[in-house]
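Engineer: need coordinates for the below:
(2 chains)
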There are 2 protein chains.
Amino acid sequence: MARPLLQVALDNFSLSEALESTLLLAPELDVIEAGTLLCLATGADSIKALRTLYPNNTIVADLKIVDAGGELAGMACDKGADWVTVMCSAANATKVNAMKAATERGGEMQVELFGNWTLEEAAEWRKLGLKQVIYHQSRDALNAGGSWGESNLNMVKNLIDLGFEVSVTGGLTVENISLFKGLPVKCFIAGRSLRNAKDPAAEARKWKMEIAKYWQE
Amino acid sequence: MARPLLQVALDNFSLSEALESTLLLAPELDVIEAGTLLCLATGADSIKALRTLYPNNTIVADLKIVDAGGELAGMACDKGADWVTVMCSAANATKVNAMKAATERGGEMQVELFGNWTLEEAAEWRKLGLKQVIYHQSRDALNAGGSWGESNLNMVKNLIDLGFEVSVTGGLTVENISLFKGLPVKCFIAGRSLRNAKDPAAEARKWKMEIAKYWQE
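Structural biologist: Numbers count the residues shown, from 1 in each chain, chains lettered A, B, ... in the order given. Below is the predicted model:
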């Protein structure tokens, strides 16, 4: 079972703030995500800045596409994104247009599982050719007191059984990595818990060591 | 019945392209929308550029928020947006956080009706304090051959009956404005049909005259 990757989500209001984090974190990370907030605040050129600075990391553009799939996915990949996110609530035509535009440019789409969706719909997306999903707990829902439990883990298992590569995110801490033991998680995605740690690089190494404990390569 | 407003959606890859349209169109328009594509391509400062250039128009930031409602709505209103969009599929906590951040800054949220939603959910949003919705046909769905029909109009009526101010968008042309006769539509939103017209200002005047024909102030 491949070892899960570690991804940081850069949800900053400026590129310089995002770079303060990546300067410390990039050597410890596999995947660097230009967060929705960063993209909306600063524009797509921040994707290109990350691509330029970090040629060896996977770069994700978290655009959370809901329409104009071809245009947006094409733009993100042209700026150097490897993976781009599309909302589960987007029309299937949007998902397919985005996937085509990304694939043509050597990229991949990730379906972000937010709000209402069903395993039946997920099975359809798999048939359409989509390979990656992100199992997500919303920031606002977490603020309202949610956490990771058995029902979340079962849903992750169900998605893996459908053939998806599954990344997980939303309120994750180094302490709950062990919950996913035995599951071929694609990426653990963390935002503020890595960026705002006292020593972000040391915190990232803690995550990597915890991941290595449960997933031998 | 108040006369519906005319709104252009600027879905351009650069601010300069967007400004080519607004230079011609702004005097004829009520509402100028920084489209999702423009915001993601160029960043939130384009909202401020539009605010600066067009102090007398209503400025919309079409961020299609799905998470981090307070942060994103706050950013858009700080840049000068009057209205900001949130996806219907966002958690209600996200909608409420966005609404609070917008309201504190004198702005308003618009719920974008995309994908799966029900009138029962819409009634809940109304109770939460949301006042505006955008009844939307997806670009990708329209490309697949959809159009405006009786079921769309009935849905607009139902939303008005719930107490919402309803804007409409997606594949609209000057020819189908008359379909909405008798309904207190908030805004007609057009993108390429205005921007890509041979004479955009003349085309906008055609829309305004058509609107004036059916809605006397």
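Engineer: same question for the longest helix anywhere in chain A, mean pLDDT?
Structural biologist: Ranked by residue count under DSSP state H, the longest helix found in chain A is helix A:200-214. When the per-residue pLDDT values of helix A:200-214 are averaged, the result is 97.
Engineer: next one: stretch A:38-53
Structural biologist: Rounded to a whole number, the mean pLDDT of stretch A:38-53 is 98.
Engineer: measure that stretch end to end?
Structural biologist: Using CA to CA, to the nearest Å, the end-to-end distance of stretch A:38-53 comes out at 16 Å.
Engineer: could you pick out the residues of chain A near chain B for me?
Structural biologist: Of all the residues in chain A, those in contact range of chain B (CB under 8 Å from any CB of the partner chain) are A:11, A:13, A:36-37, A:39-46, A:63-64, A:66-69, A:71-72, A:75, A:87, A:89-91, A:93-94, A:97, A:114-116, A:138-141, A:143-144. (Glycine included, C-beta is placed from N, CA and C.)
Engineer: weed out the non-buried ones from those residues.
Structural biologist: Listed as buried from the residues of chain A next to chain B are A:11, A:13, A:36-37, A:39-44, A:46, A:63-64, A:66-69, A:71-72, A:75, A:87, A:89-91, A:93-94, A:97, A:114-115, A:138-141; burial here means 16 or more other CB atoms under 10 Å in any protein chain shown.
Engineer: select from the residues you listed every entry located in helices.
Structural biologist: Judged by DSSP H, the subset of those located in helices is A:36-37, A:39-42, A:46, A:69, A:71-72, A:75, A:93-94, A:97, A:139-141.
Engineer: longest strand in chain A, please.
Structural biologist: Counting residues, the longest strand in chain A under DSSP state E turns out to be strand A:58-65.
Engineer: can you pull the contacts of residue A:36?
Structural biologist: A:11, A:62-64, B:66-68, B:72 (CB atoms under 8 Å, 6 or more residues apart in numbering or on different chains).
Engineer: output the residues you listed as CSV; include the columns distance to residue B:205.
Structural biologist: Formatted as CSV, these follow (distance: CB to CB, whole Å):
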residue, distance to residue B:205
A:11, 43
A:62, 41
A:63, 35
A:64, 37
B:66, 36
B:67, 40
B:68, 40
B:72, 35
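Engineer: contacting residues for the residue in chain A positioned nearest to chain B?
Structural biologist: Nearest residue of chain A to chain B (CB to the nearest CB) works out as residue A:43 at 3.3 Å. Going by CB under 8 Å, 6+ apart, residue A:43 touches B:39-43, B:46.
Engineer: count the residues that sit near the residue nearest to residue A:204 when sequence neighbours are not counted.
Structural biologist: Using CB to CB, 6 or more residues apart in numbering or on different chains and skipping the chain neighbours, the partner closest in space to residue A:204 is residue A:28 (3.7 Å). The criterion is other CB atoms under 10 Å in any protein chain shown. On that basis, residue A:28 has 18 neighbouring residues.
Engineer: what do you get for the one 4 residues further on?
Structural biologist: Other residues within reach of residue A:32, judged by other CB under 10 Å, total 24.
Engineer: would you confirm that it contacts residue A:8?
Structural biologist: Yes: using CB atoms under 8 Å, residue A:32 makes contact with residue A:8 at a distance of 6.1 Å.
Engineer: hey, what's in contact with both of these two?
Structural biologist: Taking CB under 8 Å, 6+ apart as the contact criterion, the residues that touch both residue A:32 and residue A:8 are residue A:22.
Engineer: so after the helix or strand of chain A with the lowest mean pLDDT, what's the next helix or strand?
Structural biologist: Lowest on mean pLDDT, DSSP states H and E among the helices and strands of chain A sits helix A:139-143, with a mean of 63. Per DSSP states H and E, helix A:139-143 leads on to helix A:150-161 as the next helix or strand towards the C-terminus.
Engineer: low pLDDT regions in chain A?
Structural biologist: Counting by pLDDT under 70, chain A has low-confidence residues at A:138-142, A:144, A:146.
Engineer: who does the longest helix of chain A touch, helix- and strand-wise?
Structural biologist: Using 3 or more CB pairs under 8 Å, 6 or more residues apart in numbering or on different chains; DSSP states H and E as the contact test, the elements touching helix A:200-214 are strand A:5-10, helix A:15-25, strand A:187-190, helix A:192-195.
Engineer: let's see that with 7 Å instead.
Structural biologist: Contact analysis of helix A:200-214 by 3 or more CB pairs under 7 Å, 6 or more residues apart in numbering or on different chains; DSSP states H and E lists strand A:5-10, helix A:15-25, helix A:192-195 as its packing neighbours.
Engineer: looking at these, which is buried most?
Structural biologist: Of all these, strand A:5-10 has the most neighbours on average by mean count of other CB atoms under 10 Å in any protein chain shown, namely a mean of 24.
Engineer: tell me the angle that strand makes with helix A:15-25.
Structural biologist: Here strand A:5-10 runs at an angle of 150 degrees relative to helix A:15-25 (axes from the mean of the first three to the mean of the last three CA atoms, to 10 degrees).
Engineer: give me the contacts around strand A:5-10.
Structural biologist: Under the criterion CB atoms under 7 Å, 6 or more residues apart in numbering or on different chains, residues A:18, A:21, A:25, A:29-35, A:38, A:60, A:62, A:186-191, A:194-195, A:204, A:207-208, A:211 lie in contact with strand A:5-10.
Engineer: now find how far off-centre it is within its chain.
Structural biologist: 7 Å (CA atoms, centre = their mean, to the nearest Å).
Engineer: that strand pairs with which strands?
Structural biologist: Based on DSSP bridges, the pairing partners of strand A:5-10 within the sheet are strand A:31-34 (parallel), strand A:187-190 (parallel).
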